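Colleague: Pasting a predicted model and its sequence here:
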Amino acid sequence: MSTDDPYAERLDRTREAMAAVGADLLVCAPSPTMRYLAGWTEHPSERHLLLFVTDDDVLFLAPEMYGDQLEADSWVPSIQTWDDGDDPRALIEALAADLEIGDGRVLVDDRMWARFTFDLRGAIPDASFGLASAVTTDLRIRKDDTELDRLREAARITDAVCVELRELGEEAIGLTERDLAEEIERRLSAHGGEGNSFEPIVGSGPNGARPHHGHGDRTIERGDPVVLDFGTLVDGYPGDQTRTVVFAGDPPEGYEEVHETVLNAHHAGVDAVEPGVTAESIDRAAREVIEDAGYGDEFLHRTGHGVGLEVHEPPYIVEGNDRELEPGMVFSVEPGIYLEGEFGVRIEDLVVVTENGCERLNDTPRTW
Ligand code: GLY
Ligand code: MN
Ligand code: MN
């Protein structure tokens, strides 16, 4: 694979950012940042599989069994391999000497396991250490065109399944949350999705009042509000949307008002999105609607989170985050009201900040 865009550009920007903070070496473990920079990653495991970036080198230190795979699937030109049975710590020491890190500054992947960080510290004892997010957050927070294409496709598939689920109507009554979660997974795959962004949330009745309930054995009954929060992956980029529906029957007392309040808060949040405003101002716009309706204490979380190679990443749409929004940022707007022991309502779409406002990535009916 060549270093054609976007990876050449990402590497250039990484090096500029490293220079700006005085970093001599950035080391990634298998992680979203490894994927962002190298175009390849693996599940984290016990073997030392590390990506090293300096101002003029970029290379993998990898178990021999990954050699061919890295050559084929990553654009990174240099791959140093070690055999099972070798001591990778000695190799890191030799590599650090080659790269002349000495008493320089090393940034380690925020997702690096502690044991690998300890090994790096042991191998480069005079270096100072910090977190890679000091440079990678700003790189990854604005999505390039390649990333936006993938996020749009993940949202399109997620939306298609959302529309189909609504049509289940009476058919959903009597299914367990788990049955419906499995149905969601089957349909996401059938539409070309590459697995879950996260375990689908099917929160029926009182379970919907727990924002990250997941799914369990409860049977969906007539009149149950059901929080449906799921998404699929496209080349590592996730969808993430939520609708709250009643498949059949009459909802509990108060549900319609709560749903309308959450919907109004959701629209207020999305309407407030434009470049130059702060992340916290989006949270305030949505939260104000819920507070004015008297449910402020029942909105249990921030209004949203950035979405990219990680389903939760900066920018966080939360009070206290005065980061200004910029074109290319992608995040969720997902206010909710959670009435313990009764039901919950959440409505979530992803948006991309544009030059003038925002583009919604999700666009399916938001009614219940
Ligand atoms: N699902 C809301 C949050 O985790 O922020
Ligand atoms: Mn979600
Ligand atoms: Mn979300």
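Modeller: Received it, and whenever you're ready, just let me know what you need. This structure is a prediction, so every number in the text was calculated from the model and none was measured. Numbering: from 1, shown residues only. Ligands and ions are numbered 1, 2, ... in the order given.

Colleague: Tell me where the chain is predicted with low confidence.
Modeller: 1-4 (pLDDT under 70).

Colleague: Nearest the geometric middle of it, what residue?
Modeller: residue 311 (1.4 Å; C-alpha atoms, centre = their mean).

Colleague: Does it touch residue 238 like I think?
Modeller: Yes - with contacts counted by C-beta atoms under 8 Å, residue 311 reaches residue 238, the gap being 4.5 Å. For every residue, glycine as well, the C-beta is placed using N, CA and C.

Colleague: quick one: common contacting residues for those two?
Modeller: With contacts taken as C-beta atoms under 8 Å, 6 or more residues apart in numbering, residue 311 and residue 238 have 197-198, 231 as neighbours in common.

Colleague: Residue 112 and residue 187, how far apart?
Modeller: 36 Å (C-beta to C-beta, to the nearest Å).

Colleague: whoops, I mixed them up, residue 32
Modeller: From residue 32 to residue 187 the distance is 26 Å (C-beta to C-beta).

Colleague: Same question for residue 307.
Modeller: For residue 307, the distance to residue 187 - C-beta to C-beta - is 21 Å.

Colleague: Who has more neighbours out of these two?
Modeller: residue 307 (27 against 18; other C-beta atoms under 10 Å).

Colleague: how about the nearest residue to the more buried one once chain neighbours are set aside, what does it touch?
Modeller: Leaving aside its sequence neighbours, residue 307 sits nearest to residue 330 (C-beta to C-beta, 6 or more residues apart in numbering; 5.2 Å). Each residue near residue 330 by C-beta under 8 Å, 6+ apart is listed here: 143, 148, 151, 306-308, 350-353, 361.

Colleague: Residue 183 now?
Modeller: Applying C-beta under 8 Å, 6+ apart, the residues near residue 183 are 165, 175.

Colleague: And the strand or helix carrying residue 269, what does it pack against?
Modeller: Applying DSSP states H and E as the criterion places residue 269 in helix 255-271. Applying 3 or more C-beta pairs under 8 Å, 6 or more residues apart in numbering; DSSP states H and E, we find helix 255-271 packed against strand 241-246, helix 279-292, strand 330-333, strand 336-339, strand 343-346, strand 349-353.

Colleague: Which of the residues in the fourth one are classified as buried?
Modeller: Of the residues in strand 336-339, 336-339 count as buried by neighbour count, 16 or more other C-beta atoms under 10 Å.

Colleague: got it, and the longest one?
Modeller: Judged by neighbour count (16+ other C-beta under 10 Å), helix 279-292 contains these buried residues: 279-287, 289-290.

Colleague: separation between residue 340 and ligand 2?
Modeller: 20 Å (C-beta to the ion, to the nearest Å).

Colleague: Give the full set of residues in contact with that residue.
Modeller: By C-beta under 8 Å, 6+ apart, the neighbours of residue 340 are 206, 209.

Colleague: and residue 28, what is it in contact with?
Modeller: Listed by C-beta under 8 Å, 6+ apart, the contact set of residue 28 reads 34, 37-38, 50-51, 53, 109, 112, 132.

Colleague: give me that answer again for 6 Å
Modeller: Counting by C-beta atoms under 6 Å, 6 or more residues apart in numbering, residue 28 touches 34, 51, 109.

Colleague: Among those, name the ones in helices.
Modeller: By the criterion of DSSP state H, membership of the contacts of residue 28 in helices covers residue 34.
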